[in-house]
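Trainee: one predicted model, sequence on top.
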Amino acid sequence: MAFGRFEDPTMSLDIDNLSYDQLIDLNNRVVARLKFLDQMRAHSAMLDFSIGEQVSFHPPGHPVLTGVIAKYNQKTVTVITSNGQQWKVSPSHLQKVGPVSTPPQERQDGKKPAKVILMPKG
């Protein structure tokens, strides 16, 4: 039995008549779809934040931590705290703190400025 997309959202699937193999296949498809929806939700939440943006989060057993977003991961973002720790945090646990100070755009020696994010001090 092939499982296609259901056109009618009120349509029900009678699983009582499915074989063991069909139930396993259906389960695998449901799990894959749920993982995909979770990834899309995380990705959408990630777009609310920018690399270099200052954020805070409250990990269990720790005080509220503040840091700068350094990298987007598949489901999380990497945050570097002011003490140099790296945390992989779900975007749903992040709160914006404010802009991060950036280095001057021009150097006196005429060279291009380095792409550096200044970390806030403790």
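Mentor: Ah, there it is.

Trainee: only C-alpha atoms from now on, for both contacts and neighbour counts.
Mentor: OK.

Trainee: which residues touch Lys71?
Mentor: Ile51, Val77, Thr78, Val79 (Cα atoms under 8 Å, 6 or more residues apart in numbering).

Trainee: for this protein, which segments count as helices?
Mentor: Here the chain has its helices, by DSSP state H, at 20-46.

Trainee: show me which strand runs longest in it.
Mentor: strand 65-72 (DSSP state E).

Trainee: can you report phi and psi for Leu13?
Mentor: Backbone torsions for Leu13, taken as degrees, to the nearest 10, come to phi -110, psi 120.

Trainee: still on that earlier bit, so what strands line up beside the longest strand of the chain?
Mentor: strand 54-57 (antiparallel), strand 77-81 (antiparallel) (DSSP bridges).

Trainee: so can I have a markdown table of those strands showing mean neighbour count, mean pLDDT and distance to Thr66?
Mentor: What follows is the strands paired with strand 65-72, written out as a markdown table (neighbours: other Cα atoms under 10 Å; pLDDT from 0 to 100; distance: least, Cα to Cα, whole Å):
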| stretch | mean neighbour count | mean pLDDT | distance to Thr66 |
| --- | --- | --- | --- |
| strand 54-57 | 22 | 95 | 4 |
| strand 77-81 | 23 | 94 | 6 |
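
Trainee: Arg33 is nearest to which of the ones you listed?
Mentor: strand 77-81 (22.4 Å; Cα to Cα).

Trainee: show me where pLDDT drops low in the protein?
Mentor: Low-confidence segments of the chain (pLDDT under 70): 1-11, 98-122.

Trainee: from the contacts of Lys71, which single one is nearest Phe36?
Mentor: In terms of Cα to Cα, no member of the contacts of Lys71 lies closer to Phe36 than Val77, at 17.7 Å.

Trainee: how about the longest strand of the chain as CSV, C-alpha atoms only?
Mentor: Extracted C-alpha coordinates of strand 65-72, given in CSV (Å, rounded to 0.1, in the frame of the first residue of the first chain):
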residue,chain,number,x,y,z
LEU,A,65,24.6,34.1,30.3
THR,A,66,25.3,36.8,27.7
GLY,A,67,27.3,36.3,24.5
VAL,A,68,27.6,36.9,20.8
ILE,A,69,26.2,34.7,18.1
ALA,A,70,29.2,33.2,16.2
LYS,A,71,27.7,30.6,13.9
TYR,A,72,24.5,29.1,12.6
